[in-house]
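Asks: I'll drop the sequence and a predicted model, then ask my questions.
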Amino acid sequence: MAGFDIRQIDRRVIFTLIFVVVAWPLIAPMRLPMDVTAPVQQLYDTVEAIPEGSVVMLAGDYSPDTMPELQPMVRAFVRHAFRRNLRIVTTSLWADSPPLIEAAMTPLAEEYGKAYGTDFVNLGYMAGGTVTLLGMGASIPNTFPQDYYQTPVGEIPLMREVTNFDDVALVMNISSGTPGTREWVQQVQSRYRVPLASGTTAVAAPPFYPYVQSGQLVGLMGGLKGAAEYEMLVEAPGDAVRGMDAQSIVHALIVFFILLGNVVYLAERRSKAARADATA
Amino acid sequence: MNWLHDFLLGTPGTTPSVVVGTWVAAVLTLAIYSFLYKDNPFYRAAESVFVGLGAAYWLAILYHNTLVPKLFSPLFPPAGEPVLWYRVFPGILAVFMLLRFFPKLSWLSRWSLGFVVGMYAGVNTTGFAQGDFVAQIHATVTTPLTTGGGLSIALNAAAIVGVIATLVYFFFSKEHRGPIGGAARLGIWFLMVAFGASFGYTVMGRVSLLIGRMTFLLRDWLHLMQ
């Protein structure tokens, strides 16, 4: 390999390697072992402890660019709630969310025989961010006077039982930014003491773990790994579990590149020092 | 032959609109990823389409979800319904915002900005104080150090030490020497661990996005996944 210099390696070679190690386990799954972390287990246990027929709120504050991480969370949570005969009210502080939630809920509602209006409601998007959250604390029907399909909430049977957060057993916030989980903690959990859980992108997850430790969040799914853990707990492996093989192998490859880079750097530094000694 | 049929025309029962949508999404995805090789017209075209679609989608959403129900309908309601005349004030503030485009009147936009900044500062200050400041301090000082087993006690103790050491690092009114300097250096270690965790999660997030696109290409477009 005379003339080969690893420092001059074309970045496109690395891109190609990443492409291959992502595609390979997706086409031929390996089912690498995976454990369930405490915050995800806590969320699952909380949902299990909610009495049948209770109302849970699915607050979707995300956009299509984060679907690979967050849509599996929505599907797994909705599946768990429907399986336990919980009723779901969905809201959105992000304009992009309602159609994404609808796409996740509709097939599951058909699978579990749930009816729109009595078993679940999509209240759609409302502008205002934190102001909207405060409005919901006073009255959810006044804050969302119509659902996603422009039906007045007074004509929706489920919404006749929901006035404010006192009528909600759990808020599950799926968040990819602001307004999101932090605003739900600050404006809703701290004021109205409603149990709150979160599913967030991996990038956003680290600052939210202290909320779990303090009890402000009853559970937390962080990124694709958190989604995969919840899919395992509800015994419905989906896109997240399938993606974790690729995730693990890519991480191993990146760790290898980091180690290789450090080894090359140290060798180069030692070589320079040796040359300097020889010159002196 | 079955694979070729699925690839070109979709699986049996797939509507033509879904087939066309899948192909358009696949071509745009490949056009975006072509930037990894080098900048090219396909990437720039896909980027422009994305920006244009995003702007148009948001304009339509905000018009139908905010301007119509919050401003136009209350001010011009159907016959028999009351006019909510006070909604004219936020309408005026909204017009003031647009006056930024006219240099002689752009100062009026500061009134709108002042209203928004003042309102959000008021709302978020109490929320932050209740939800973050007090609650996190309470959680730290009440961390159990005598129950939960050896590992739990050690981790709780590390959390308390980490909070104190990190706060010392950001305390600049006293020179970082002696015990203060030692605590500050320990704080740096805790900060580095936190940054490392954030970096690891960021890598996971970015790889997840790639996995999402690859799943789309391999399953929905190429039909190579089970």
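Replies: Cool, the structure landed. It should be emphasised that the depicted structure is a prediction, and the values quoted were computed from it without experimental measurement.

Asks: wait, does stretch B:30-50 contact chain A?
Replies: Yes: Stretch B:30-50 reaches chain A (C-beta under 8 Å from any C-beta of the partner chain) through B:Leu36, B:Tyr37. Quick note: C-beta positions are derived from backbone N, CA and C, even for glycine.

Asks: from A:Gly137, how far out is A:Pro145?
Replies: Plainly put, A:Pro145 is 16 Å away from A:Gly137 if you go by C-beta to C-beta, to the nearest Å.

Asks: what pLDDT does residue 54 get?
Replies: You didn't say which chain, so I picked chain A. As predicted, A:Ser54 sits at a pLDDT of 98.

Asks: looking at chain B here, not the other one
Replies: As predicted, B:Gly54 sits at a pLDDT of 91.

Asks: ranges for the strands of chain A?
Replies: Residue ranges of the strands in chain A, as given by DSSP state E, are A:55-61, A:87-92, A:120-125, A:170-175, A:196-200, A:220-222.

Asks: go through these and name the closest to chain B.
Replies: Evaluated with C-beta to the nearest C-beta, the strands of chain A place strand A:120-125 nearest to chain B, the distance being 5.5 Å.

Asks: now for that closest one, which elements pack on it?
Replies: The contact analysis (3 or more C-beta pairs under 8 Å, 6 or more residues apart in numbering or on different chains; DSSP states H and E) places strand A:120-125 against strand A:87-92, helix A:97-112.

Asks: could you pull up the mean pLDDT of it?
Replies: Mean predicted lDDT for strand A:120-125 stands at 96.

Asks: and if you look at stretch B:29-44?
Replies: The model assigns stretch B:29-44 a mean pLDDT of 96.

Asks: in chain A, where's the longest helix?
Replies: As assigned by DSSP state H, the longest helix anywhere in chain A is helix A:239-279.

Asks: so how many other residues sit close to A:Thr37?
Replies: By other C-beta atoms under 10 Å in any protein chain shown, 14 other residues sit near A:Thr37.

Asks: wait, doesn't it sit right on A:Glu229?
Replies: Yes: using C-beta atoms under 8 Å as the test, A:Thr37 is close enough to A:Glu229 to be in contact (6.3 Å).

Asks: how close does the residue in chain B positioned nearest to chain A sit to A:Gly137?
Replies: Going by C-beta to the nearest C-beta, chain A is nearest to B:Gly212 of chain B, at 2.5 Å. Per C-beta to C-beta, B:Gly212 is found 35 Å from A:Gly137.

Asks: higher neighbour count, these two?
Replies: Neighbours of B:Gly212 and A:Gly137, each counted by other C-beta under 10 Å, are more numerous for B:Gly212; the result is 21 against 17.

Asks: mean confidence (pLDDT) on the longest helix of chain A, please.
Replies: Across helix A:239-279, pLDDT averages out at 93.

Asks: what lies in contact with stretch A:267-280?
Replies: A:Arg7 (C-beta atoms under 8 Å, 6 or more residues apart in numbering or on different chains).

Asks: just confirm yes or no for stretch A:205-213 near chain B.
Replies: Yes: applying C-beta under 8 Å from any C-beta, one finds stretch A:205-213 in contact with chain B at A:Ala205, A:Pro206, A:Pro210, A:Gln213.

Asks: nearest residue to the first one other than its sequence neighbours?
Replies: Spatial nearest neighbour of A:Ala205, excluding adjacent residues (C-beta to C-beta, 6 or more residues apart in numbering or on different chains): A:Gly222 at 3.3 Å.

Asks: can you get me a residue count around the one you found?
Replies: Residues within reach of A:Gly222, counting by other C-beta under 10 Å, total 28.

Asks: how about A:Glu235?
Replies: A:Glu235, neighbours per other C-beta under 10 Å, totals 9.

Asks: check the one 5 residues further on too.
Replies: Using other C-beta under 10 Å, A:Ala240 is surrounded by 29 other residues.

Asks: pretty sure it sits against A:Leu233.
Replies: No: if you go by C-beta under 8 Å, A:Ala240 and A:Leu233 don't touch, sitting 11.5 Å apart.

Asks: which neighbours do the two share?
Replies: Contact criterion C-beta under 8 Å, 6+ apart; residues shared by A:Ala240 and A:Leu233: A:Ala76.

Asks: apart from its neighbours in sequence, what residue is nearest A:Gly128?
Replies: A:Gly135 (7.3 Å).

Asks: by neighbours, which of the residues of stretch A:205-213 next to chain B wins?
Replies: Of all these, A:Ala205 has the most neighbours under the rule other C-beta under 10 Å, reaching 27 neighbours.

Asks: that one and A:Ala227, how far apart?
Replies: A:Ala205 sits 11 Å away from A:Ala227, going by C-beta to C-beta.

Asks: next: A:Ser248.
Replies: 14 Å.

Asks: between those two, which is the more surrounded one?
Replies: When neighbours are counted by other C-beta under 10 Å, A:Ser248 and A:Ala227 differ, and A:Ala227 comes out ahead with 31 against 18.

Asks: list the contacts for that one?
Replies: A:Ala227 is in contact with A:Glu69, A:Leu70, A:Pro72, A:Met73, A:Ala76, A:Gly199, A:Met221, A:Ala240, counting by C-beta under 8 Å, 6+ apart.

Asks: any idea which helix or strand comes after the lowest-mean-pLDDT helix or strand in chain B?
Replies: Lowest by mean pLDDT, DSSP states H and E among the helices and strands of chain B is helix B:2-9, with a mean of 87. Moving toward the C-terminus from helix B:2-9, the next helix or strand (DSSP states H and E) is helix B:16-33.
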